[in-house]
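Q: with the sequence up front, the predicted model follows.
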Amino acid sequence: MKICLISEGAYPHVTGGVSSWIQSIITQMPEHDFIVYSISAKELKGAKPKYTLPPNLIELREIHLGDYLDQAIVTGKRYKLTEAERLAFLSLMSNRQTDWDVLFNFFTSGRIDSVMNFLGSKDFYDIVTILCEKRFMQVPFTDMFWALRSMLLPLFVCIDQKVPVADVYHSVSTGYAGVLGALAKYQYGKPLLITEHGIYTREREEEIIKSSWIKGYFKDVWIDYFYSLSNCAYQYADDVSTLFEGNREIQLELGCPPNKTFLIPNGIDVARFSPELRATRPGIHIGAIVRVVPIKDIKTMLQAFALVQETFPDSNFYIIGPLDEDEDYYDECLDLIDTLDLQNVHFTGPVNVTDYLTFMDILVLSSISEGQPLVILEALAMEIPFVSTDVGGCRELLEGPEDHYGPAGTTVPVMHFHLLALEIIKLIERPESRMTYGQNGRERVLNRYTLHMMIDRYKSYYEKGERHGRNRISTEASV
């Protein structure tokens, strides 16, 4: 079977949970051929992969969005839009209900010579004019024109592509990857699975609300636009999976049909994470396995570490993960360390994580948004207790989805560094709790979150998917 995985901004050039998940899916199913269709920024063009590409990855096809900005533009052309096409474009820019069949047909018909030319055409100019007259009379036309152009360019670049031919399509988010999966469904009629690790629409909504570069009156436009992309993915998908019940409930709120939804939790290879590998070192060793980027909120973690160090001066803090994804943010973190006069902080960069898990006493996560972090599962498999912000599925992993294994750590509200510090201090002071939490966590992982369980569920889906999604996997059967 040939399976096409469609991802956005991740594999194989960026490390992290989603990329590791993709690598596991491919390597654990050597009997199937895989295509990875990856959407990424221009800066990653020609970048060396961060993963060893498996032999059954028969094609890696990439869309580098920034490439199109270098194209010459012929402005003022006409593409003879039908009324249905004009309405479809208008609805894409102004509400969440869009006739995607019409848009897909337009972009796959061969009628446009260039996405850039279309965005500079009289047709696009007319559509923006109508939108301004109906909804944004107080907004300067030039502001609206350039805002919509920048908003729509990545989408139009994606759906102007020829999607690889496969037996099953699996988009690893909604958003642009979800729309590409929908386009594949439209073109080839093959089954489409959407998997959401985090809820893409909500994550983009939070970013837009907090952003300073989007003017206030455009924020609603951007938010509606991303809701429209998710609705497209949900509409065309045969099935929509996610990692835990909380995410599924959000999918239903966003309009995903209940009969399409089911759960497949993450899983890890527990054989790689044995407590027997652990060896105690003098002092206190607290770690965070993270990318140094704003969504991981490293600054809150550092503020918490400063409070911990006031009580335990011999404590050591390890921030384990790549430093180069947002160099400005990394520099800001270094400045904060100086301001706090924080000692014994070690930024490791890319390393073998298992080497550090062997001597960690406590692991920490201070993220603003998460799905179901693999790093928590890996720590629990090593019997390391965890303190995390209460985001995504973290509480479920640490406290259990109404199971009998007992707590494996604690959660605190986002950005509350003093509460994060308090929970770390409690665990330092109570070694017996650390031991109990660790044992509870390993039992939970062994019985609910193994790689074997996860792979078997996806294998089952792919086999059923070959029958064009007619036999759905129920939520109950997947948990």
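A: Received, thanks. Since we're looking at a predicted model, the values are computed, not measured.

Q: hang on, isn't residue 322 packed against residue 291?
A: Yes - counting by Cβ atoms under 8 Å, residue 322 does reach residue 291; the two are 5.5 Å apart. (C-beta placed from N, C-alpha, C; glycine too.)

Q: which neighbours do those two have in common?
A: Residues within reach of residue 322 and of residue 291 at once, by Cβ atoms under 8 Å, 6 or more residues apart in numbering, are residue 15.

Q: strands along the stretch 51-200 of the chain, start to end?
A: Using DSSP state E, counting those that start in this stretch, the strands of the stretch 51-200 of the chain run over 57-64, 168-171, 192-196.

Q: so in that sheet, which strands flank the longest one, and in what orientation?
A: Read it as strand 57-64. strand 33-40 (parallel) (DSSP bridges).

Q: quick one: distance of the partner strand to the chain centre.
A: Relative to the centre of its chain, strand 33-40 is centred 15 Å away, using Cα atoms, centre = their mean, to the nearest Å.

Q: so for the helix or strand residue 222 falls within, mean pLDDT?
A: Here residue 222 sits within helix 216-236, counting by DSSP states H and E. Averaging pLDDT along helix 216-236 yields 91.

Q: what of stretch 246-258?
A: Per-residue pLDDT over stretch 246-258 has a mean of 95.

Q: which parts of the stretch 101-250 of the chain are helices?
A: In the stretch 101-250 of the chain, helices defined by DSSP state H, counting those that start in this stretch lie at 115-119, 122-135, 141-159, 175-188, 200-210, 216-236, 245-253, listed in chain order.

Q: ok, and for the third one, which residues are buried?
A: Okay, so that is helix 141-159. Residues of helix 141-159 classed as buried by neighbour count (16 or more other Cβ atoms under 10 Å): 144-145, 147-148, 151-159.

Q: dump the C-alpha coordinates for it into CSV.
A: Provided in CSV are the C-alpha atoms of helix 141-159 (Å, rounded to 0.1, in the frame of the first residue of the first chain):
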residue,chain,number,x,y,z
PHE,A,141,-8.7,49.5,0.3
THR,A,142,-5.0,49.1,0.0
ASP,A,143,-4.7,47.7,3.5
MET,A,144,-7.4,45.2,2.8
PHE,A,145,-5.9,44.2,-0.6
TRP,A,146,-2.4,43.5,0.7
ALA,A,147,-3.7,41.8,3.9
LEU,A,148,-5.9,39.4,1.9
ARG,A,149,-3.2,38.8,-0.6
SER,A,150,-0.7,37.8,2.1
MET,A,151,-3.3,35.7,3.8
LEU,A,152,-4.4,33.7,0.8
LEU,A,153,-1.0,33.2,-0.9
PRO,A,154,0.1,30.2,1.1
LEU,A,155,-3.3,28.5,0.6
PHE,A,156,-3.3,29.1,-3.2
VAL,A,157,0.3,28.0,-3.5
CYS,A,158,-0.6,24.7,-1.8
ILE,A,159,-3.8,23.9,-3.8
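
Q: mean confidence (pLDDT) on it, please.
A: In this model, helix 141-159 has a mean pLDDT of 91.

Q: going forward, begin numbering at 239 instead of 1
A: From this message on, residue numbering opens at 239, which makes the last subject helix 379-397.

Q: run through who's touching that helix.
A: The contact list for helix 379-397 (Cβ under 8 Å, 6+ apart) reads 277, 301, 303, 306, 330-331, 341-342, 345, 353-354, 356-357, 362-363, 366-367, 369-370, 374, 414, 417-418, 421, 453, 456, 459-460, 463, 467.
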